[in-house]
Structures are given as structure tokens and as C-alpha cells.
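J.: Kindly generate the corresponding structure for this input.
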Amino acid sequence: MKKKIVSIFLAASMALSLCACGDAAGNTAAPAEGTQTGDSTTVSDATADNEATDNVAGEKETIALKVWGSQTDQELLKELCEKFASEHPENDWEFEYGVVGEADAQARYLEDPAAAADVFSYPDDQIITLVQADALYEVTRNVDEIKSANAPGTIDAASYNGVLYGYPMTADNGYYLYYDKSVLTEEDVKTLDGILAAANKAGKQVHMDVSNGWYLASFFLGNGCQLTLDENGKQICDFNNEKGLEAAEAIRAFCNDPAFVTGDDSVLQGGIGDNICCGISGPWTSASIKEKLGDNFGAAKLPTFTCGGKQVQMGSFLGCKVLGVNTQTAHPVEAMELAEFLTNEESQARRFEVLGYGPSNINVANSDAVASDPALKALAEQSQYAISQHVNGAYWTPAEAFGAELEGHSTGDLQTMLDQLVEQATAE
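T.: Residues are numbered from 1 along each chain as shown. Model (predicted):
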């Protein structure tokens, strides 16, 4: 992507040749090979000549890159960028840092793509909109190495239609089971039946926000249903098939159990260790639950549940943070090099050490340090049964309505309820 001219004479000859291609009306030839047009910055012949002169003189090129990250990430982001610069002394590096969290990345980019960062992090559920907006460079360097270094689910999350559009950075936006070890044993938490039996015996409750479509999907995904997007971004949802009906019957049985309790994360955080013996949530509640339970803190993958007369492993969504490269960057090669460095094994190990983020890198995820964290260990185990959250907005409202109806002990016809859910979730 960058022209390298071996001599001033050759550069001058090329410039003269290009000028000679112009006609009397002032038209010129098409851009030389390697020049980018359209959404990306065009490299002019004058710039190429200047680069050639700089290279002959042995001067370093100054590469200015804007990098976005959340407020929490700023200090570590600067540390890692400075380390990258020290390991790449062939250029002079200028980094501009912006405080833009992952949740805001899509909106901020779409406001003004040309002013957006060269390298920015985003949650995987924004990838479709960003790709359709031509915001993300396809990853073209060291693709096989990146794929082999990171968990398959995170590679899938950073891809669209089989094309890798980002560098996985974390794999910790998922959920699993928290439990009170004074009430439940490791054997109990393997199955939902075991959990409910132990909870009822102890007079405790089991928490799950069934009216949240994120958690509700666990039953359907576990029993082999689909919730994804096709190549045109249209929602695919088959929760109303035979397997979906079996899953819905299992959800109804769970919601009708005396031990069942629902509510958002605050209900789980406030009640665990008291009236609640376990619940489903993610890493963001880990600290408060550890504080409540102390030595009785336990975490495990989601349990199996009885579905269609057999034990079925609950599925889940696995979300991750991804680092992307802006298609409008003036330095695509260098931006890709930086993005790869910020997400490599060493950087992910440092990110876990400093911020406690769950790594997508396989080696870091299997390290003793990560394995010693019960919550991240549980998340890693559950990730084997998780899918990427490629879901459009039409799914969430009908899923919430379906879950809320079951939480309210509805006796309605499940097939009719599922047909309504799917019809609304797949509406264009």
C-alpha cells in the first residue's frame, strides 16, 4: 500500500510519464497500481516523490494515528501504543487518543467517518452495521496466525459473511452461573434439575431474567434452534419449530417451579447469599457477588436442562470486543500492524493483568492466571456452547414479551406464542 521508490531518477521518470499521459483537455491517466481511491485516502504522485526523497536521505516517516478506547482503557492503551512504537523504530509515531467506549463506537463513527479514529474498538454486535457502512478494513495481514491464536467463537464474532473485519481483543461479554457453595455443590450445579432440587430443599431461590431475550435464547440455542443473520442481514429465527417447542416447554416448567425468581442483575446481586442461592449473569457482577459470598463464591458454566426427555446443555451468546481499522485511514498498513499488536498474546495478558478483561487469545485463556479466576474459567467453559450475537433489533421486544408471559405463569398455547415471536422477530 505504500510506494517505495529506489532512486530519485526513477521517481522523476514516473512523474514525467504520468504527465505525458494527460491529453490536451487536461485529463490524466488512471491512478498508478497500489493507489487507493474512494473511501480511502488517495496517495498522490507528489507524496510518492517526497517519500522517495525521504527514503534516500534516510529520514524516518512520521505516522500519525488516532486511537479510540474507553475511559477505563486509556492508561493501558497509551502504555501499549508506546511499546509498539519502541518496537517499530523504522517510523516516528504520533498517537492521538480519544475517549470513545465500545458501545458508542458505531454512533461516533457514523457521525463523521473521516474524523473517526484510525483504530477503534467496538462490540461484535455492531459489526454488521459497520461493514455495511464501509467502515472496516478487511484484515489482510497474518490472517491465519490471528485465526489460530484466538478462540473460534471470537473469530466468528469478528467476521461477516466469512470475511475477517477485526482483531478479537476480549471474550468476556457472556454469561454463566454464579452460586453459593454453602447451598449448592459442584455436582448440583451440573443440571438445572439438581439446582432446583437443592434450592427447594434449602428454601432458596434460583434467579434468571427469562424476560431478557439475551438469557431466554439459552434454552432454544441449547436445543439446536437458530438465531442468526443471513448474508443480507435478515434475521433467521426458528424458535417455533419442534425443537423450539420442546425448549419452550422446559422454560415454562422452570418458571413454574417454586424456587424460580426473576428480575434484573440488581435482584441477583442483592439476594445472593440470602434468599437466592444461584443465578445467571456475566463478569460485570462478579466483584459484587464475590463480596457478598466471600469463601462461598462459586461459578460454573450453565447447567444442562431436561428437554424433550433428555438432558440438553444450555447455550448462550458470546460477545467480545474487537479492534477495527477505519477504511479512511491514511496509513492502513501501519494501522493494521498497531491493531494486531494491541490484540496479540502479550497485550491480552497485560490487559487481563491490569483490567481483568477475559482474553480471546487461546494461550492467555489457558494460562494459570486466568484459570485461577473462577468467573473467567466458567465463562471459558461456557464459550464452548456459545454463539456470536449476530441479532438485529427486531428480536428483542417479542423475546421479552414471550419471556415475561412465561414468568407470569401463562397457560397460553406455546406454539401460538412461538409463532408470534418468530413472526415479529423476522419482520422486515
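
J.: CA atoms for contacts and neighbours, from now on please.
T.: Noted.

J.: And the one helix or strand Thr228 maps to, what's buried?
T.: Assigned by DSSP states H and E, Thr228 belongs to strand 227-229. Across strand 227-229, burial judged by 16 or more other C-alpha atoms under 10 Å covers 227-229.

J.: which stretches of the stretch 51-200 of the chain form helices?
T.: Per DSSP state H, counting those that start in this stretch, the stretch 51-200 of the chain carries helices over the ranges 74-87, 102-111, 127-132, 143-149, 152-157, 192-202.

J.: Averaged pLDDT, the strand holding Thr228. What do you get?
T.: Averaging pLDDT along strand 227-229 gives 89.

J.: next one: stretch 128-147
T.: On average, stretch 128-147 scores 95.

J.: Just to check, Lys204 is in contact with Ile272?
T.: No: taking contacts as C-alpha atoms under 8 Å, Lys204 lies outside contact range of Ile272: 9.5 Å.

J.: who touches both of the two?
T.: Common neighbours of Lys204 and Ile272, counting by C-alpha atoms under 8 Å, 6 or more residues apart in numbering, are absent.

J.: quick one on the thing from earlier: looking at the helices of the stretch 51-200 of the chain, which is closest to Val422?
T.: helix 127-132 (21.0 Å; C-alpha to C-alpha).

J.: mind listing the strands in the stretch 101-250 of the chain by residue range?
T.: Along the stretch 101-250 of the chain, counting by DSSP state E, counting those that start in this stretch, strands occupy 119-123, 159-160, 163-164, 167-168, 176-180, 205-207, 227-229, 235-237.

J.: In stretch 133-140, which residues are buried?
T.: Buried-residue list, stretch 133-140, by 16+ other C-alpha under 10 Å: 135-139.

J.: Now for these: which two are most distant?
T.: Greatest spacing in the buried residues of stretch 133-140, by C-alpha to C-alpha: Ala135 and Val139 (12.5 Å).

J.: phi, psi of the residue nearest the centre of the chain?
T.: Nearest to the geometric centre of the chain sits Cys320, at 2.4 Å (C-alpha atoms, centre = their mean). Main-chain torsions, Cys320, degrees, to the nearest 10: phi -150, psi 160.

J.: The closest residue to it other than its chain neighbours: what's it in contact with?
T.: Computed as C-alpha to C-alpha, 6 or more residues apart in numbering, the closest residue to Cys320 that is not its neighbour in sequence is Ala171, at 4.5 Å. By C-alpha under 8 Å, 6+ apart, the residues touching Ala171 are 154, 318-321, 357-360.

J.: same thing but 10 Å
T.: 150-151, 153-154, 157, 318-322, 357-361, 365, 376, 379-380, 383 (C-alpha atoms under 10 Å, 6 or more residues apart in numbering).

J.: Mind checking which of the residues you listed are in strands?
T.: Counting by DSSP state E, those place 321-322 in strands.

J.: sorry, back to before: out of the helices of the stretch 51-200 of the chain, which comes closest to Ser388?
T.: helix 152-157 (5.2 Å).

J.: ok now the closest one, how far from the chain's centre?
T.: 8 Å (C-alpha atoms, centre = their mean, to the nearest Å).

J.: next one: stretch 339-353
T.: So, by C-alpha atoms, centre = their mean, the centroid of stretch 339-353 is 15 Å from its chain's centroid.

J.: Next: stretch 314-326.
T.: 1 Å.

J.: Buried residues of it, list them for me.
T.: Buried-residue list, stretch 314-326, by 16+ other C-alpha under 10 Å: 314-326.

J.: before we move on, the earlier item: could you tell me which residues touch both of Ala135 and Val139?
T.: Counting by C-alpha under 10 Å, 6+ apart, the residues touching both Ala135 and Val139 are 165, 324-325.

J.: Take those residues and write them to JSON lines, including pLDDT and distance to Ala217.
T.: Formatted as JSON lines, these follow (pLDDT from 0 to 100; distance: C-alpha to C-alpha, whole Å):
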{"residue": "Tyr165", "pLDDT": "97", "distance to Ala217": "26"}
{"residue": "Gly324", "pLDDT": "97", "distance to Ala217": "28"}
{"residue": "Val325", "pLDDT": "98", "distance to Ala217": "31"}
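
J.: Specify which member of those is nearest to Asp257.
T.: Nearest to Asp257 among the shared contacts of Ala135 and Val139, with distances taken as C-alpha to C-alpha, is Tyr165, at 44.4 Å.

J.: So what's the residue count around that closest one?
T.: By other C-alpha atoms under 10 Å, 25 other residues sit near Tyr165.

J.: Check Asn363 too.
T.: 16.

J.: How about Asp368?
T.: Around Asp368 there are 9 residues (other C-alpha under 10 Å).

J.: Any idea how many residues pack against Asn161?
T.: 12.

J.: buried residues in stretch 280-292?
T.: Across stretch 280-292, burial judged by 16+ other C-alpha under 10 Å covers 280-283, 285-286, 289-290, 292.

J.: ends of that stretch, how far apart?
T.: 16 Å (C-alpha to C-alpha, to the nearest Å).

J.: And for stretch 73-87, what's in contact with it?
T.: Under C-alpha under 10 Å, 6+ apart, the answer for stretch 73-87 is 67-71, 88, 91-101, 337-339, 341-343, 346-347, 350-351, 354-355.

J.: from those residues, which would you call buried?
T.: Taking 16+ other C-alpha under 10 Å as the criterion, what is buried in those is 67-70, 93, 97-98, 100-101, 338-339, 341-343, 347, 350-351.
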